[in-house]
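> Got a predicted structure plus its sequence, pasted below:
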Number of protein chains: 2
Amino acid sequence: MHLLGENLTKHNLFVPKKHYGVLFETFILAEAEDGLYIIDQHTAHERIRYEEVLRDLKSKAYKSQSLLTPIRLELTREEAEEMIEERHRFLELGITLEPFSGGTILIREVPSYIDPGKETETILDLWERFKQKDPEERELYDEMAKCVACRSAIKKGDQVSDPIIGELLQRLSYCENPSLCPHGRPTLIKLTRKDLETMFHRI
Amino acid sequence: MHLLGENLTKHNLFVPKKHYGVLFETFILAEAEDGLYIIDQHTAHERIRYEEVLRDLKSKAYKSQSLLTPIRLELTREEAEEMIEERHRFLELGITLEPFSGGTILIREVPSYIDPGKETETILDLWERFKQKDPEERELYDEMAKCVACRSAIKKGDQVSDPIIGELLQRLSYCENPSLCPHGRPTLIKLTRKDLETMFHRI
């Protein structure tokens, strides 16, 4: 988990005050000024990582690192050739690809925003998304941010410690759009104090 | 708070597994087998006390105690006379009333189900309810149980300790009708696991 950047603005859409734990190892219960929030730990973390990676990409605020041992991608010869043709796109994302022999491609450099150990699957996921879209529809940074977010977010069923939940909620509160994951699924449900008081016939 | 009776049956309508604390000092968050429960601490406690008192009254499972110093009720002469005429009804509830002089009535004996210090207001509340109803519509035990429940239940805003919340939920799970307070207001709202997964587009 990354620490909160000092230069971020709080959007005041979701301002957590305290949290109560995780229901069914999936849903975080939190209190904010305006009500009870039920937060899906996976989609919320996806939203956070998505916005972080997108910001890093747009501002080039990441580093690429040469691998001591390059990662080998084993593909068909045809696919390897197609991918190498697009290597400049990968380079824009901080990924250096090099043709090797037959269907093998070497990944020489990877950017810091991809979690270590997730390089191959993230790059292949991006490549799959790339192939499914027309070249003019490909939003390079957006697609990459989605791939990374999906791979790096905590999952339903992952046990998350109390301080990590606190940090996750803080980071969610700094998101531009805290209420939807990058694929459009809800990250949170709000029951306002008024909703609750109405449901219980208190008003 | 009373301890759970050994002879009660669990109705399996609400089976709490754990609780997460109290939202806005009003709503208890709890997890059960079948979902998230949001519980109004006041109305839930009212339901518990109502069923307990009603059971005690029906089975005469309470004791009446003579007061060392009787409690004085100061009423108009007319009202005192009316109340004394109904003293046999109060006696059925374990309350001994005695005319004194003018508009004064002495409360000589009180039943154990009324919280100490709440005798006067509980008895006057019952009397008010009595006067508003036709004699044939008066359900003596039911009215009394409502009066006691209302007076003895914890309120919205009362700070309740963690073990007390646990006990309250346990006792609620033994109620015949855990989901409504004696006046018909909801005590709990359930979001099933399926509800939650649907809201978050997980199914």
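That came through fine.
> Can you pull the phi/psi pair for residue A:74?
Backbone torsions of residue A:74, given as degrees, to the nearest 10, read phi -100, psi 110.
> thinking it is in contact with residue A:101, fair?
No. With contact defined as Cβ atoms under 8 Å, residue A:74 and residue A:101 do not form a contacting pair (11.0 Å). Just so you know, the C-beta spots here come from the backbone N, C-alpha and C atoms, and that holds for glycine as well.
> Which one of those two is surrounded by more residues?
Taking other Cβ atoms under 10 Å in any protein chain shown, residue A:74 and residue A:101 do not tie; residue A:74 has more neighbours (12 against 9).
> what separates the more buried one from residue A:80, distance-wise?
Look at residue A:74 and residue A:80: by Cβ to Cβ, to the nearest Å, they are 9 Å apart.
> So residue A:108, which state does it fall into?
Put simply, residue A:108 is strand when judged by DSSP: H, G, I helix; E, B strand; the rest coil.
> Surely it is in contact with residue A:68?
No. Contact criterion Cβ under 8 Å: residue A:108 and residue A:68 do not qualify, at 10.6 Å.
> Those two: who's more crowded?
More crowded of residue A:108 and residue A:68, by other Cβ under 10 Å: residue A:108, with 15 against 5.
> How about that one: what's its closest non-neighbour residue?
Nearest residue to residue A:108 in three dimensions, chain neighbours excluded: residue A:96, at 4.2 Å (Cβ to Cβ, 6 or more residues apart in numbering or on different chains).
> Smallest distance to chain B belongs to which residue of chain A?
Residue nearest to chain B within chain A (Cβ to the nearest Cβ): residue A:20, separated by 3.7 Å.
> Run through the residues that contact that residue.
With contact set as Cβ atoms under 8 Å, 6 or more residues apart in numbering or on different chains, residue A:20 has these partners: A:29, A:30, A:31, B:20, B:21, B:23, B:29.
> now swap in residue A:98 and tell me
Residue A:98 makes contact with A:70, A:105, A:106, A:108 under the criterion Cβ under 8 Å, 6+ apart.
> how would you label residue A:178: helix, strand or coil?
coil.
> who's in contact with it?
A:11, A:13, A:14, A:44, A:47, A:172, A:187, A:188.
> again with residue A:16
Taking Cβ under 8 Å, 6+ apart, we find residue A:16 in contact with A:30, A:31, A:32, A:37, A:169, A:170, A:172, A:173.
> where's the fourth one, which helix or strand?
Think residue A:37. Assigned by DSSP states H and E, residue A:37 belongs to strand A:35-40.
> Please identify the pairing partners of that strand and their relative orientation?
Its sheet considered, strand A:35-40 pairs with strand A:27-32 (antiparallel), strand A:188-192 (antiparallel) by DSSP bridges.
> Chain B contacts on chain A?
Proximity of chain A to chain B is confined to A:20-21, A:23-24, A:26-27, A:29, A:31, A:36, A:38, A:40, A:43, A:156, A:185-186, A:189, A:191, A:193, A:196, A:199-202 under the rule Cβ under 8 Å from any Cβ of the partner chain.
> burial count for residue A:88?
Neighbours of residue A:88 under the rule other Cβ under 10 Å: 8.
> and it, how far is that from residue A:97?
The separation that residue A:88 has from residue A:97, given Cβ to Cβ, amounts to 10 Å.
> tell me the domain boundaries of chain A?
For chain A, automatic domain parsing gives the domain ranges A:16-57+A:154-199, A:65-152.
> Would you mind giving the strands paired with strand A:35-40 as a markdown table with mean neighbour count and mean pLDDT added?
Output for those, formatted as a markdown table (neighbours: other Cβ atoms under 10 Å in any protein chain shown; pLDDT from 0 to 100):
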| stretch | mean neighbour count | mean pLDDT |
| --- | --- | --- |
| strand A:27-32 | 23 | 95 |
| strand A:188-192 | 18 | 94 |
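> Dump those to a markdown table, plus distance to residue A:143.
What follows is the strands paired with strand A:35-40, written out as a markdown table (distance: least, Cβ to Cβ, whole Å):
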| stretch | distance to residue A:143 |
| --- | --- |
| strand A:27-32 | 28 |
| strand A:188-192 | 24 |
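> who wins for proximity to residue A:181 among those?
Proximity to residue A:181 (Cβ to Cβ) singles out strand A:188-192 among these, at 10.0 Å.
> Can you list the neighbours in contact with the closest one?
A:14, A:32, A:34-40, A:44, A:172, A:178-179, A:199, B:38, B:199-200.
> before we move on, what about stretch A:53-63?
Contacts of stretch A:53-63 (Cβ under 8 Å, 6+ apart): A:93, A:94, A:111, A:112, A:113, A:141, A:142, A:144, A:145, A:148, A:149.
> Let's see that with 10 Å instead.
A:2, A:5, A:7-8, A:52, A:92-94, A:109-114, A:139-142, A:144-149, A:152, A:176, A:182 (Cβ atoms under 10 Å, 6 or more residues apart in numbering or on different chains).
> Got a ChimeraX select line for the buried ones in these?
Only the buried entries of the contacts of stretch A:53-63 go into this ChimeraX selection, using 16 or more other Cβ atoms under 10 Å in any protein chain shown:
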select /A:52,93,94,109,110,111,113,114,142,144,145,146,147,148,149,152,182
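> Which of the contacts of stretch A:53-63 fall in strands?
Judged by DSSP state E, the subset of the contacts of stretch A:53-63 located in strands is A:109, A:110, A:111.
> Distance to residue A:160 and pLDDT for these - can I get that in TSV?
Converted to TSV, the ones in strands among the contacts of stretch A:53-63 look like this (distance: Cβ to Cβ, whole Å; pLDDT from 0 to 100):
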residue	distance to residue A:160	pLDDT
A:109	32	97
A:110	27	97
A:111	26	97
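> quick one: which of those is nearest to residue A:164?
Distance to residue A:164 across the ones in strands among the contacts of stretch A:53-63 (Cβ to Cβ) is lowest for residue A:111, with 24.1 Å.
> Grab the nearest non-local neighbour of the closest one.
Among residues not flanking residue A:111 along the chain, residue A:94 sits closest, at 3.1 Å (Cβ to Cβ, 6+ apart).
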